[in-house]
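Peer 1: Quick one: sequence plus predicted model below, questions after.
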Amino acid sequence: MVNQILLLNQKSFASLLNWTVIRYASRFGSQSADFDYASDQHRPSSGRRPLGDQLTHYVQYKKKFQRVGGDTQFFSPRGRQSNVTGFGGRPRLDSFGKKKFDMQSLVPVNYEEMQLKAFEKNFYEVHENVVKREQLEIDEWLAKNSSTIRGKDTPRPVLGFDETGFPSKIIEHLCNNFDKPTAIQSIAWPTAMSGRDMISIAMTGSGKTLAFILPAIVHLLNQPQLQPGEGPKVLVLLPTRELAKQVEEVSREYCRMMGLKVTCCYGGAGKMPQENALRAGVDICVATPGRIMDFINDRVTNLHNCTYLVLDEADRMLDMGFEPQIRSIVGQIRPDRQTLMFSATWPVEVRSLAADFLSSPVGLNVGSLDLSANHNIKQNVEVIEDFAKKDRLFVLLNDILKQTEYKTLIFAETKRKVDELTREMRYKGIPALCIHGDKSQKEREWVLSEFRGGKMPILIATEVAARGLDVRDIKYVINFDYPNNAEGYVHRIGRTGRQDKTGTAYTFFTPQDGPKARELVKVLEEANQEVPDVLRRLCQIR
């Protein structure tokens, strides 16, 4: 064997050695070796190549080019598993190591046989400015903000922070950081503080997190102090871990002011820290459905004490197949709770959920009840063949990177496509990072931190991984692959144009996407955007 190896020429021996190292690294990890992305062995044209540890490549790239860049962890096909949980993490496994597609339902709690402690819901005191305000002024404000309020005895909107009735510390903080309440906050704050159930339909980036968290804090301050062994009084359910962490960060800032405890429970991270926090007692629990069900099943916590429930991004949770889990979780909560539901769209499924969970709710809507995109976003749709999309993307990115503001979020349909695009961008010298379901939670958090902080201007992601991503200054969104439906399109481009800022969205639409053309044209026309003639022709063909 040794003699045969020695007979190999130098080039063949080097190739054999390189192949051996790559095979070893792909099976056992990437700590053993780093590679130069400039070498021929990593050219994208040769097929799928190792993507790498993004933090390692980030350091190497910065040293070489004084810019930021990517990862050298080796891609292992054996390690890739389909995302059957919907959380963007690894699949659940049963005791035999097989994938578990169905989560165990929780045993419903029979509250009719329990003696429930009474609690207060209504803490709203109407400010004199709100009382004196003419109805004509309110109607003009509602029309200006494309807002409607439905229901009996609905509270009037508050137009200034001093009219909210929040504790003075919170009002001072709001005044120092914001000019005025957003439309959804102006309506939601008095409604929620009045103890009413509420269904809110508003586009992403409308300020809904503060719309439900600040009334929740007022609700908590007027309840008996948390006792050892009691579960959280406030539960916020969200579809993804990224969104859950963002809501927790916003909540923690205000909870710290008022001496309240908040924790975040989500899949893809260790259970022990989350379990310890729940056992110690928290006032607010922000959670994804799967993880909170795990803790309830394991008797780590219970929801008998929960009096304030929030279902955020309800339409996305239903799209991800979480309806059975949501119903199972709500079955653990006392029926006289206060429930707030937030959704970007108003499909039949969301209406059914609202009818089952909400009691005499106030309905508030910011924008049209029909599917509509943020009018602050300039939408550009290009009908293009699939094979030409990559070349067009790189031309587009070169133009974008010449602008003064160029933070860009790119959506691709699959994890493989995300990896391929990231690899090719790095090879071409375009700084980019990526997230998808196969990334560890630690790496995902680091990537999002780099993107939010502006150190990395381009992020490539699958829709599930980026769902709920809240980064205020994204200037461009690029749909490299068109989503499954118009609702997904509206959610994606809604990552830009937030907080009354403007943004631009580019969408690559292939002839194979033709059956989806009609609904896309409706969204474009509703927002008074230009509709390409070739896109209209696709509508006529189908």
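Peer 2: Here it is on my side, so go on.
Peer 1: how is this protein carved up into domains?
Peer 2: 124-366, 377-541 (automatic domain parsing).
Peer 1: and these as CSV, adding mean pLDDT and mean neighbour count?
Peer 2: In this view, the C-beta of every residue, glycine as well, is placed from N, C-alpha and C. Formatted as CSV, those follow (pLDDT from 0 to 100; neighbours: other CB atoms under 10 Å):
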stretch, mean pLDDT, mean neighbour count
domain 124-366, 93, 19
domain 377-541, 90, 19
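Peer 1: would CSV of these with distance to residue 105 be doable?
Peer 2: Below are those laid out as CSV (distance: least, CB to CB, whole Å):
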stretch, distance to residue 105
domain 124-366, 5
domain 377-541, 23
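Peer 1: In the stretch 51-200 of the chain, what residue spans correspond to strands?
Peer 2: Ranges of strands in the stretch 51-200 of the chain, per DSSP state E, counting those that start in this stretch, are 147-150, 198-202.
Peer 1: Only C-alpha atoms, please: export the shortest one in CSV.
Peer 2: This points to strand 147-150. The C-alpha coordinates for strand 147-150 follow below in CSV (Å, rounded to 0.1, in the frame of the first residue of the first chain):
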residue,chain,number,x,y,z
SER,A,147,-58.1,52.2,10.5
THR,A,148,-61.5,50.8,11.6
ILE,A,149,-62.9,49.8,15.0
ARG,A,150,-65.7,47.2,15.3
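Peer 1: neighbouring contacts of it?
Peer 2: 141-142, 157, 183, 187, 362-366 (CB atoms under 8 Å, 6 or more residues apart in numbering).
Peer 1: Sitting in helices, which of those residues do you find?
Peer 2: 141-142, 183, 187 (DSSP state H).
Peer 1: want to try a markdown table for those, with distance to residue 350 as columns?
Peer 2: A markdown table is the format used below for these (distance: CB to CB, whole Å):
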| residue | distance to residue 350 |
| --- | --- |
| 141 | 26 |
| 142 | 22 |
| 183 | 20 |
| 187 | 18 |
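Peer 1: Quick one: the strands of the stretch 51-200 of the chain as TSV, columns for distance to residue 401 too.
Peer 2: Formatted as TSV, the strands of the stretch 51-200 of the chain follow (distance: least, CB to CB, whole Å):
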stretch	distance to residue 401
strand 147-150	38
strand 198-202	33
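Peer 1: Distance check, the nearest residue to residue 470 once chain neighbours are set aside against residue 254.
Peer 2: Leaving aside its sequence neighbours, residue 470 sits nearest to residue 246 (CB to CB, 6 or more residues apart in numbering; 4.6 Å). Distance of residue 246 to residue 254, computed by CB to CB, to the nearest Å: 14 Å.
Peer 1: From residue 436, how far out is residue 267?
Peer 2: Going from residue 267 to residue 436 by CB to CB gives 15 Å.
Peer 1: Which residue ranges of the stretch 251-400 of the chain form strands?
Peer 2: Counting by DSSP E, counting those that start in this stretch, the strands of the stretch 251-400 of the chain are 262-265, 284-287, 308-311, 338-343, 362-366, 377-383.
Peer 1: Of those, which is nearest residue 403?
Peer 2: Set against residue 403 and scored by CB to CB, the strands of the stretch 251-400 of the chain come closest in strand 377-383, at 13.3 Å.
Peer 1: Counting by contacts, list what that closest one packs against.
Peer 2: If contacts are counted by 3 or more CB pairs under 8 Å, 6 or more residues apart in numbering; DSSP states H and E, strand 377-383 sits against strand 503-509, helix 517-526, helix 533-541.
Peer 1: redo that, cut-off 6 Å
Peer 2: On a contact count with 3 or more CB pairs under 6 Å, 6 or more residues apart in numbering; DSSP states H and E, strand 377-383 meets strand 503-509.
Peer 1: Just checking: what are the partner strands of the strand it packs on?
Peer 2: strand 377-383 (parallel), strand 476-479 (parallel) (DSSP bridges).
Peer 1: just so I know, which of these lies nearest residue 536?
Peer 2: Set against residue 536 and scored by CB to CB, the strands paired with strand 503-509 come closest in strand 377-383, at 10.1 Å.
Peer 1: and the angle from the closest one to helix 517-526?
Peer 2: Here the directions of strand 377-383 and helix 517-526 differ by 150 degrees (axes from the mean of the first three to the mean of the last three CA atoms, to 10 degrees).
Peer 1: what's the offset of strand 377-383 from the middle of its chain?
Peer 2: Distance of strand 377-383 from the chain centroid (CA atoms, centre = their mean, to the nearest Å) equals 22 Å.
Peer 1: likewise stretch 303-310?
Peer 2: With CA atoms, centre = their mean, you get 23 Å for stretch 303-310.
Peer 1: start to end distance for that stretch?
Peer 2: 13 Å (CA to CA, to the nearest Å).
Peer 1: gap between residue 286 and residue 261?
Peer 2: Distance from residue 286 to residue 261, by CB to CB: 12 Å.
Peer 1: and what of residue 425?
Peer 2: Distance, residue 425 to residue 261, using CB to CB: 42 Å.
Peer 1: One more: residue 401?
Peer 2: 44 Å.
Peer 1: before we move on, what about residue 359?
Peer 2: 28 Å.
Peer 1: Residue 126 now?
Peer 2: Residue 126 is 31 Å from residue 261, by CB to CB.
Peer 1: do the same with residue 469
Peer 2: Where residue 261 is concerned, residue 469 sits at a distance of 26 Å (CB to CB).
Peer 1: Kindly report the same for residue 151.
Peer 2: Residue 151 is 33 Å from residue 261, by CB to CB.
Peer 1: and if you look at residue 453?
Peer 2: Taken as CB to CB, the span from residue 453 to residue 261 is 27 Å.
Peer 1: for residue 541, same thing?
Peer 2: Taking CB to CB, one finds residue 541 at 58 Å from residue 261.
Peer 1: With residue 440 instead?
Peer 2: 27 Å.
Peer 1: Equivalent analysis for residue 424, please.
Peer 2: Going from residue 424 to residue 261 by CB to CB gives 46 Å.
Peer 1: Check residue 539 too.
Peer 2: 53 Å.
Peer 1: same check, this time on residue 435
Peer 2: 29 Å.
Peer 1: Same check on residue 131?
Peer 2: 36 Å.
Peer 1: swap in residue 158?
Peer 2: 28 Å.
Peer 1: for residue 279, same thing?
Peer 2: Counting by CB to CB, the gap from residue 279 to residue 261 is 12 Å.
Peer 1: now do residue 196
Peer 2: Residue 196 sits 26 Å away from residue 261, going by CB to CB.
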